Structures are given as structure tokens and as C-alpha cells.
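S.K.: Would you be able to build a 3D model of this:
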Amino acid sequence: MSKKETPEFIRVPLAAMESQFHHILMQHGFADGKAKICAGIFTSNSVDGVYTHGVNRFPRFIKYVQDGHINPANQAICSSRVGCIEQWDGQIGPGPLNALQCTDRAMEIATIHGMGCVALANTNHWMRGGTYGWRAAHKGFVFIGWTNTTANMPTWGAVSSKLGNNPLVIAVPFQQEAIVLDMAMSQFSYGALEFYEMKNQQLPVPGGFSTDGILTTDPGEISKSQRILPTGYWKGAGLSLLLDILATILSGGLSVEGISQQKAECNVSQVFIAINISKLANYRTIASAIQGIIDDYHQSVPDKSAKVVYPGEKVLDLRAENTTKGIPVMKAVWDEIQAL
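M.R.: Numbers count the residues shown, from 1 in each chain. Here you go, the predicted model:
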């Protein structure tokens, strides 16, 4: 990686960031209520340390609105229902708002049937998928959700991209918070590669191939080759394929192949599943069962001095720190946002 100037970071107070997002969204056609919710999602993602799908992603989100890929006036509508499964049309409305709406609807269905599934077509990037897992888990539901994307990842053994990195979220209520797995099917998302490159840092483990076909930790080289590494090699590639197939058939929307025929990554397909564990016969023992699993998990002997944590555990400390001290933002990014 070539040497670059170390970027300057500033701390932006939570309220100031949310207010700035809200103001910009209203300038770009969002009604006040929608702008407030959307600004809250972008800010919450940033507070939790997911800067790649929070503050760093905000300028691109606004560009998609300007280019007509996102219609701020539209929202998802139900197009079909059978039992505990519903199909919704996102009408190219704002992805985070559509995802929030479908998450809440899945929980409503699960309240009645024990489980609810909402499959969403023609929507946009949901930003951090974990947002919806945290929301459902805080309300006492298990959540499983995923999205497909444009083709941005080669399958194992190939050099051309035919798979999406198709993020998957699994969330479980735990104590007053949650255990939340939020992962792309690639070892690193392109947003993460961009963030490491902006900070002039190497990846902690190989994340893809160079243009010469060599595994590398250089995010710039991977971005050039467009050969990100599937998580678990062939296993992540296979899971990506099946997530795309399921999202396509359940929603009736576009597949990765169809999304990739467009000028931008829009009209994606997503699935939101909520499970109402309070209806299970063993509900009274679930909390203690999870606690026992986590207690045993924490007994893992680390290979270094790092603490062994479960998915989502680090978020709690980072959330508290960023709420108190302000959210760390690259000054260049914040300057770009203020210019919007």
C-alpha cells in the first residue's frame, strides 16, 4: 500500500450529526417525519461504530436520491399475503425506512402466528442490516434477515463476479440487549475496504486477491481487482448463492443477476423473519439457557491478550463511548456532508 497522509478525525456530537442529517434529508425531498427516522438510523449506525453504513455512506445515499434511484416520497406496500408470509413492494423508497417498516410488520405477524416473514422486492440498500436485528431483539423477538446486492464477488475458483456479498443478520434477545450477528458473505464489505484505504491501513487478515491473483491484506489492491474473498471460501460463496435464490423466490423481486443489469445498485430483494419466542413452551428457561451458553463461551482461552466477545458485544462499549465523547468522523467526510 502506498503511503498516504493520515486522515484527520474529529468528534461530532450525536445530536449535531442527527440534526445535520435531518436538515439535509428535508432539503432533498424527505417529509419531516421520514427525515427524522432516516437521520436517526444513519446516526445510530455511526454511534455503534458502523461508520461504513452510517456517516461515511450518507453522501452516497443523497447522491442516489439526486439521481432518482431512491424516491423519498415512496414507501413499501403489501402486494400479497398467505398465512404468516407476506410479499411487499418497496417502490424504490428509502431502503432504511422500507426495512424498518417490514421488520415491524414481521413482528406484528409473529405476535399472531408465532413467526412472521416479510419478503421485500424493489427496495434500496438498507445500510446496516444489524439495525433491524437490534430493533427486533429489543422487543423480544428472534430476527433473521438478509438482502441481495449487485454482483460484486466471484464465487470460489472464479475471477468474474456473479455473486453478491448478500449480508445476513441473526439477532437474539439477551439480558436487556442482544446478541447480533451482522455479516456480509465476503470477508470484508467494499465499505470496509474503502474505510481501511481511507485510513491508510492494511486489513487484519487477507480480504481478497490482487490483480495478480495473490491473496492480500491491501484494500486498494482488492478494490482494483474486484475480487473480494468469500467468507469461508467455497462455503461463503455457496451461502451467498442460496441467500440470493431465497430472497428472489420469496419476494418475487430481482436476483443478483437482475440487479446487476441496472445502472446502480437498487431494486434489491430482502427477507425479514421474526420469531416470537414468548409463545414457545420453554420460554421461561430460554434466558438462563442463553446465559449458560454465553458464560461457557466467555471461558474460551484467548490466543493473545484480546478478550473473547460474542457478536455485538463490542457495540455496547463503543456506543457508550461515542455517545459521551462524540462520533469519530474523518474531517473530509464531514466537510463533504456539510456541503450537501
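S.K.: For the residue of the chain most remote from its centre, give me the pLDDT.
M.R.: In the chain, A281 marks the outermost C-alpha relative to the chain mean, sitting 32.2 Å out by CA atoms, centre = their mean. On pLDDT, A281 comes in at 98.
S.K.: Quick check: the gap between it and G114.
M.R.: Look at A281 and G114: by CB to CB, to the nearest Å, they are 11 Å apart. Glycine gets a C-beta too; all of them are placed from N, C-alpha and C.
S.K.: Same check on A339?
M.R.: 49 Å.
S.K.: Have a look at those two and say which one is more surrounded.
M.R.: Neighbour tally, A339 and G114, criterion other CB atoms under 10 Å: the higher count belongs to G114, 15 against 8.
S.K.: how about the nearest residue to the more buried one, chain neighbours excluded?
M.R.: Closest residue to G114 apart from its sequence neighbours, by CB to CB, 6 or more residues apart in numbering: K279 at 4.7 Å.
S.K.: what's the answer for C84, then?
M.R.: Excluding the flanking residues, the one nearest C84 by CB to CB, 6+ apart is H113, at 4.0 Å.
S.K.: before we move on, what SS does the residue farthest from the centre of the chain have?
M.R.: Three-state call for A281 (DSSP: H, G, I helix; E, B strand; the rest coil): coil.
S.K.: pLDDT score for the closest residue to P173 other than its chain neighbours?
M.R.: Among residues not flanking P173 along the chain, A137 sits closest, at 4.6 Å (CB to CB, 6+ apart). pLDDT for A137: 98.
S.K.: Equivalent analysis for the one 5 residues further on, please.
M.R.: According to the model's per-residue confidence, V142 sits at a pLDDT of 98.
S.K.: That one against V172, yeah?
M.R.: Yes - under the criterion of CB atoms under 8 Å, V142 lies in contact with V172, with a separation of 5.5 Å.
S.K.: and the lowest-mean-pLDDT helix or strand in the chain, what does it pack onto?
M.R.: When each helix and strand of the chain is scored by mean pLDDT, DSSP states H and E, helix 190-198 comes last, with a mean of 88. Packing contacts for helix 190-198, counted by 3 or more CB pairs under 8 Å, 6 or more residues apart in numbering; DSSP states H and E, involve helix 219-225.
S.K.: so how far is the helix it packs on from its chain's centroid?
M.R.: When distances are taken as CA atoms, centre = their mean, to the nearest Å, helix 219-225 is centred 22 Å away from the chain's centroid.
S.K.: Show the subsequent helix or strand relative to the least confident helix or strand of the chain.
M.R.: Moving toward the C-terminus from helix 190-198, the first helix or strand encountered (DSSP states H and E) is strand 208-209.
S.K.: Give me the sheet partners of whichever helix or strand comes after that next one and which way each runs.
M.R.: Using DSSP H and E, the helix or strand that follows strand 208-209 towards the C-terminus is strand 215-216. If you go by DSSP bridges, strand 215-216 pairs up with strand 208-209 (antiparallel).
S.K.: quick one: contacts of the partner strand?
M.R.: Residues from elsewhere that reach strand 208-209, judged by CB atoms under 8 Å, 6 or more residues apart in numbering: 186-188, 193, 215-216, 221-222, 225, 227-229.
S.K.: Reformat those residues as CSV; add distance to I85.
M.R.: Formatted as CSV, these follow (distance: CB to CB, whole Å):
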residue, distance to I85
S186, 29
Q187, 32
F188, 33
L193, 36
L215, 41
T216, 43
E221, 43
I222, 38
S225, 40
R227, 36
I228, 32
L229, 34
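S.K.: Now list the buried members of these.
M.R.: For the contacts of strand 208-209, a burial check counting by 16 or more other CB atoms under 10 Å picks out 186-188, 193, 216, 221-222, 225, 227-229.
S.K.: now for the residues you listed, which pair is the farthest apart?
M.R.: Maximum pairwise distance in the buried ones among the contacts of strand 208-209, criterion CB to CB, is 15.0 Å, between S186 and E221.
S.K.: Excluding covalently adjacent residues, which one is nearest to C266?
M.R.: Leaving aside its sequence neighbours, C266 sits nearest to H69 (CB to CB, 6+ apart; 4.4 Å).
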